[in-house]
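Student: Coordinates for the following, if possible.
(4 chains)
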2 protein chains.
Amino acid sequence: MEQIEKLPERHRLLRKLESITDLTEAERQALMELPVHLREFEAGHDIVRAGDRPQASCLILSGFVCRYMLLSDGRRQIVAFHPPGDIPDLQTLHLKTMDHNVGTMAPTTAAFIPHEHLHRLTQQHPGLLHAFWRETLIDAAVFRAWLVSLGRKTAHERIAHLLCEMAMRFASVGLAEDHSYQMPVTQGDIADALGLSNVHVNRVLQDLRRDELIHWRRNTITVLNWKALEDLAGFDPGYLHIRPPALKQ
Amino acid sequence: MEQIEKLPERHRLLRKLESITDLTEAERQALMELPVHLREFEAGHDIVRAGDRPQASCLILSGFVCRYMLLSDGRRQIVAFHPPGDIPDLQTLHLKTMDHNVGTMAPTTAAFIPHEHLHRLTQQHPGLLHAFWRETLIDAAVFRAWLVSLGRKTAHERIAHLLCEMAMRFASVGLAEDHSYQMPVTQGDIADALGLSNVHVNRVLQDLRRDELIHWRRNTITVLNWKALEDLAGFDPGYLHIRPPALKQ
DNA sequence: CGCAGCCTTGAACTCCGTCAACTTCCGTGG
DNA sequence: CCACGGAAGTTGACGGAGTTCAAGGCTGCG
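Tutor: Numbers count the residues shown, from 1 in each chain, chains lettered A, B, ... in the order given. Predicted coordinates:
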């Protein structure tokens, strides 16, 4: 099921970019005129694989994806989660060969934007070039925050930090209400993201629920006590470089 | 001790950029004409601190620096090492506020390049803009590789991986010979980079020396058995995106 | 209503951390 | 040239956060 058309649900991409940068009206217009290939994927499908040399980058319109790497013996490390509005393989604009995989964690709609169009767009609108560059830099800032988690934080702190981060990122694109958001991941996925075992993730989550820091039912996560969770995590949202107006709505 | 002049030792920056991208003669020329502020630092000095909003980025000419973050209780996580030729805070071009520190691990000479000059340079030479963007993307690829290490690798694998990575990166700028390079770090620094304790790093290094995988004397690291170290680490240099010619010399 | 994937629980184990002492190394100054 | 001091490397004993293994329970979907 593939079609070529203009960006639908454009508000999500605009919202994402406007949460991290300023856009002019001309830039908004140009983004909306982008021709894209729309594709739908089931949960558990690899959109891009390590070793691929994609000619297009994929904008997530709905659903949820992760980026992950596999070791030869099957160990898996998830290195990033991406809510709608993100472009998880934007880097392929300048790093031609993928060194990791992008996989869906839920039914997902993606808009593939050919690199040639992105290059033309950024030539005509230097502001957008800086916005995209900035997005890849924030990506890297998130990696650094995860490194601190995996390297120097306890299991409780790591999980609390991930839940805080995802709350902020969902909120910045308008997908969270009352500290509640939909994140379709299993406890095993959390374990592979945070360098833990699924058994231990389970036990820590029970602690967090018992202490009434969070509520987790199906895919819906609700932060019940933001202050306590933030303190536990040592969470400081500065690294996300989200502009304040994006969070007030 | 501060002076304004053109880039000295320019071959190191050029070498770095040419190890990851193609440059035209005009671009080489423009890089050599860049006006910079030269500064020297002792070991253990912070060049940039979290919260700073620098107006210039620093190119490392000689010495060795790391990027690190501190938790409120003193725990430290080193998130990157940078040999000469690197620009550790290149990201401040588009992320104005630093979310981590850049500190020297040895006496270091840095060339500060004002952002306004970098912006002018990249306007006149789009090839250089792509080269710099590409450098920040490779930076992020290294973060991902570290995430896999910290999340899913044993202490032996982590240390082996770091030694392989640094060997490649020193070699790519001409600072390694016969799998031997100078890296001025303590075992405690390695521990803070890999999420281990200094005691455990010490024991693992003893294993690696006993098995004759490496030799480490003062600051000089020599890889004695590259194949074995690479296998132990699960090291695949693809993520560094170094162009093959850069490694043959 | 049955199955498959996920969650949950318990018990045993281990890798790695912590603590504390000791040694080696090297730069400095007498 | 040697004595000194501090930082880094080394060692052993002990403890704990988190893993592994294995079994059982839940739940949502076909």
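Student: CA atoms for contacts and neighbours, from now on please.
Tutor: Will do.
Student: quick check, the longest helix seen in chain A touching chain B?
Tutor: Counting residues, the longest helix found in chain A (DSSP state H) is helix A:126-152. Yes: on the criterion C-alpha under 8 Å from any C-alpha of the partner chain, helix A:126-152 is in touch with chain B at A:130, A:133-134, A:136-141, A:143-144, A:146-148, A:150-152.
Student: tell me the angle of that helix relative to helix B:126-152?
Tutor: Angle, helix A:126-152 to helix B:126-152, by axes from the mean of the first three to the mean of the last three C-alpha atoms, to 10 degrees: 20 degrees.
Student: Point out the other helices and strands that helix A:126-152 packs with.
Tutor: helix A:10-20, helix A:115-124, helix A:155-172, helix A:187-194, strand B:76-82, helix B:126-152, helix B:187-194 (3 or more C-alpha pairs under 8 Å, 6 or more residues apart in numbering or on different chains; DSSP states H and E).
Student: To DNA strand C, which of those lies closest?
Tutor: Among the helices and strands packed on helix A:126-152, the nearest to DNA strand C by C-alpha to the nearest atom of the strand is helix A:187-194 (3.8 Å).
Student: Give the helix, strand or coil label for the closest residue to DNA strand D within chain A.
Tutor: Using C-alpha to the nearest atom of the strand, A:Leu196 is the residue of chain A that sits closest to DNA strand D, at 3.0 Å. Put simply, A:Leu196 is coil when judged by DSSP: H, G, I helix; E, B strand; the rest coil.
Student: now do A:Cys66
Tutor: From three-state DSSP, the assignment for A:Cys66 is strand.
Student: How many residues are close by it?
Tutor: 21 (other C-alpha atoms under 10 Å in any protein chain shown).
Student: what does A:Glu116 give?
Tutor: So A:Glu116, with other C-alpha under 10 Å, has 12 neighbours.
Student: Look up the pLDDT of it for me, please.
Tutor: At A:Glu116, the model reports a pLDDT of 96.
Student: how about the nearest residue to the residue nearest the centre of chain A, chain neighbours excluded?
Tutor: Among the residues of chain A, A:His82 comes closest to the average C-alpha position under C-alpha atoms, centre = their mean, at 2.0 Å. With sequence-adjacent residues excluded and distances taken as C-alpha to C-alpha, 6 or more residues apart in numbering or on different chains, A:His82 is closest to A:Val65, at 5.3 Å.
Student: And for A:His215?
Tutor: A:Thr222 (5.0 Å).
Student: what sits against that neighbour?
Tutor: A:178-181, A:214-216 (C-alpha atoms under 8 Å, 6 or more residues apart in numbering or on different chains).
Student: got it, and A:Leu95?
Tutor: A:Leu95 neighbours (C-alpha under 8 Å, 6+ apart): B:134, B:137-138, B:241.
Student: Could you tell me the per-residue confidence at it?
Tutor: The pLDDT attached to A:Leu95 in the predicted structure is 97.
Student: From B:Leu17, how far off is it?
Tutor: For A:Leu95, the distance to B:Leu17 equals 14 Å [C-alpha to C-alpha, to the nearest Å].
Student: what's near enough to touch A:Lys16?
Tutor: Contacts of A:Lys16 by C-alpha under 8 Å, 6+ apart are A:85-86, A:172-173.
Student: before we move on, the earlier item: how about the residue nearest to A:His215: which residues does it bridge to?
Tutor: Beta bridges link A:Thr222 to A:Ser180, A:His215, judged by DSSP bridges.
Student: Quick check: it vs A:Leu70, distance?
Tutor: Distance from A:Thr222 to A:Leu70, by C-alpha to C-alpha: 31 Å.
Student: For chain A, which residues are neighbours of DNA strand D?
Tutor: Listed as neighbours of DNA strand D in chain A under the rule C-alpha under 7 Å from any atom of the strand: A:153-156, A:195-201, A:218.
Student: ok, so of those, who is nearest B:Asp22?
Tutor: Ranked by distance to B:Asp22 (C-alpha to C-alpha), the residues of chain A next to DNA strand D are led by A:Gly195 at 37.5 Å.
Student: okay, now that closest one: neighbour count?
Tutor: Around A:Gly195 there are 24 other residues, counting by other C-alpha under 10 Å.
Student: repeat for A:Glu177
Tutor: 11.
Student: hang on, it packs against A:Ala171?
Tutor: Yes: A:Glu177 lies in contact with A:Ala171 (C-alpha atoms under 8 Å); the separation is 7.2 Å.
Student: before we move on, back to that, only whichever of the contacts of A:Leu95 are buried, select them in ChimeraX.
Tutor: To isolate the buried ones among those in ChimeraX, judged by 16 or more other C-alpha atoms under 10 Å in any protein chain shown, type:
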select /B:134,137,138,241
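Student: any chance of the contacts of A:Leu95 in JSON lines, with pLDDT too?
Tutor: Putting the contacts of A:Leu95 into JSON lines (pLDDT from 0 to 100) gives the following:
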{"residue": "B:Arg134", "pLDDT": "97"}
{"residue": "B:Leu137", "pLDDT": "98"}
{"residue": "B:Ile138", "pLDDT": "98"}
{"residue": "B:His241", "pLDDT": "95"}
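Student: quick one: which of the contacts of A:Leu95 is nearest A:Arg49?
Tutor: Looking across the contacts of A:Leu95 and measuring by C-alpha to C-alpha, the closest to A:Arg49 is B:His241, at 16.6 Å.
Student: Please report phi then psi for the closest one.
Tutor: As for B:His241, its main-chain torsions (degrees, to the nearest 10) stand at phi 50, psi 40.
Student: Report the contact partners of it.
Tutor: Listed by C-alpha under 8 Å, 6+ apart, the contact partners of B:His241 are A:95, B:20, B:138.
Student: A:Leu128 too?
Tutor: Counted by C-alpha under 8 Å, 6+ apart, A:Leu128 has contacts A:23, A:27, A:121-122.
Student: Now flag whichever of those residues is closest to A:Val185.
Tutor: Closest approach to A:Val185 among the contacts of A:Leu128 (C-alpha to C-alpha): A:Leu23, at 32.7 Å.
Student: can you pull the contacts of the residue nearest to the centre of chain A?
Tutor: Going by C-alpha under 8 Å, 6+ apart, A:His82 touches A:60, A:64-66, A:88.
Student: before we move on, what about A:Ile60?
Tutor: A:82-88, A:108-111 are the contacts of A:Ile60 under C-alpha under 8 Å, 6+ apart.
Student: before we move on, the earlier item: now the buried members of the contacts of A:Thr222.
Tutor: A:179-181, A:214-216.
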